[in-house]
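A.B. asks: I need the structure of the sequence given here:
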Amino acid sequence: MVCMKLITASLKSFRGITDKAFTPASDGITAIVGENGTGKTSILAGISWCLYGEKPEGVKRADALINEKADYKAGDRTQVTCVIIAGDGRLLRVNRRITTRKGATEVDLWQRPAADYDGTNGGTLLADADGWEHVAGPAVSHANPVIVRALGMDSRQYFAAVHVQQKQVDDLVHDKKRGEVIEQQTGITALTVARDKAREEVNALKRSSRDLHVDKRAVKDAEKAAKDAKADVEKLRSRVAKGGS
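C.D. replies: You can find the predicted model right below:
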């Protein structure tokens, strides 16, 4: 089964976020809580953008991601950095950044052994430049396919099985493509095939039961014949009894 685990993420000058570090709980569920407009959705959007370059829904141009307070002349840059554990056990660090006000973008990928993460040093790994092996970048066209292979899933699979965007919760249940991707990632396709076959057999039995026709008149005639036969038997028994007396 292919999976990846986010260790930590850093967002700078990304949409409404000036500077924020996000580190989910190592186990269980992490809830991002806050008032509207405080950047909850931007954290998730930033992670998706960092890993795949996918902009949030409704955003057409990269420069629309730049925080309005970012001072590019002073050296500010819109950028998101993520440290994750890939499905193959490697530690990966991805940094995607907008280098100009017009939206020019670069991305780099580094890797190191998963043993370098002790469960508590995510922030150190995020900031530490030593110990990382550069794998791809900074050209987006070069780095993006390498990142997809390293993560073990493309953006379609990611948005179907990992990141459910706003107003798409219903699709988690009803979207056939989402179900197919989840099955692919979890390896439960065989169970689904067995379930579908069972449903087909049940439906076939239902159709067969509907096709059964009960001749009510024939049943009544049979009941009357049985009643008449019983009466005839009783008469015969009476005659036998009289003859033997």
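
A.B. asks: and the strands in the chain?
C.D. replies: For the chain, applying DSSP state E gives strands covering 5-14, 17-22, 78-85, 91-98, 105-112, 133-136.

A.B. asks: remind me, longest helix of this structure?
C.D. replies: Criterion DSSP state H: the longest helix present in the chain is helix 216-243.

A.B. asks: so for that one, mean pLDDT?
C.D. replies: The pLDDT scores in helix 216-243 average 76.

A.B. asks: how about it: buried residues?
C.D. replies: Going by neighbour count (16 or more other Cβ atoms under 10 Å), nothing in helix 216-243 comes out as buried. For every residue, glycine as well, the C-beta is placed using N, CA and C.

A.B. asks: dump the strands of the chain into TSV; add mean neighbour count as well.
C.D. replies: Output for those, formatted as TSV (neighbours: other Cβ atoms under 10 Å):
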stretch	mean neighbour count
strand 5-14	21
strand 17-22	16
strand 78-85	23
strand 91-98	23
strand 105-112	20
strand 133-136	14
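
A.B. asks: and the ones you listed as TSV, adding mean pLDDT and distance to A204?
C.D. replies: Converted to TSV, those look like this (pLDDT from 0 to 100; distance: least, Cβ to Cβ, whole Å):
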stretch	mean pLDDT	distance to A204
strand 5-14	91	44
strand 17-22	91	52
strand 78-85	92	47
strand 91-98	94	49
strand 105-112	93	52
strand 133-136	92	53
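
A.B. asks: out of these, which is closest to A218?
C.D. replies: Among the strands of the chain, strand 5-14 comes nearest to A218, with 69.2 Å by Cβ to Cβ.
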